[in-house]
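K.L.:
After the sequence you'll find the predicted model.
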Amino acid sequence: MTDKTWKQVERAIAVRLNGRRQGAVGRRGPDVLSDWLAVEVKHRRRLPQWLKTALTQARCGAGERLPIVVLHEAGLRHADDLVLMRLADFELWFAAVRPEGEVNDGTNG
């Protein structure tokens with residue numbers, strides 16, 4: 001039986017974040033759990049170009065700072081805004097440790 005792409009993506013994210021894939025839990029829980037993260041993984045063929053452009057803008061002006069994009073929906077409280085960043089930046093800043101014990105410096109894929 002072939003593995004579905006979304007399952008492969010969840011497994012890859014679990015490895016990168018030193019977590020474990022939960023399997024088919026649906027709405028009952030996150031796709032990946034680590035000691036300090038509850039991760040919902042969404043796999044799509046394409047992400048909206050405007051999101052990628054916003055991240056590029058954030059990265060261009062960040063220098064040594066953490067580049068993020070804050071997504072705000074009109075009429076909602078700012079506490080409910082979303083924060084978007086690249087996984088490599090997240091790993092670099094928050095020192096995600098790989099299972100082999102090596103710290104991921106964001107240079108490995």
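P.N.:
Sure, I can see it.
K.L.:
what about the chain, any weak spots by pLDDT?
P.N.:
Within the chain, the segments meeting pLDDT under 70 span 1-2, 25-27, 96-109.
K.L.:
if you set the cut-off to 90 instead, what comes out?
P.N.:
1-3, 23-28, 61, 95-109 (pLDDT under 90).
K.L.:
ok, so what distance separates Arg45 from Lys4?
P.N.:
From Arg45 over to Lys4 the distance is 14 Å, taken as CB to CB, to the nearest Å. (C-beta placed from N, C-alpha, C; glycine too.)
K.L.:
Hmm, I typed the wrong one, I wanted Val83.
P.N.:
28 Å.
K.L.:
residue nearest the centroid of this protein?
P.N.:
Central residue of the chain (CA atoms, centre = their mean): Leu87, 4.8 Å from the mean position.
K.L.:
Touching, that one and Arg16? I think so.
P.N.:
Yes: using CB atoms under 8 Å, Leu87 is in contact with Arg16, at 6.7 Å.
K.L.:
how does the protein divide into domains?
P.N.:
Domain assignment for the chain, taken from automatic domain parsing, gives 1-44, 46-109.
K.L.:
tell me the most buried of those domains?
P.N.:
domain 1-44 (a mean of 14; mean count of other CB atoms under 10 Å).
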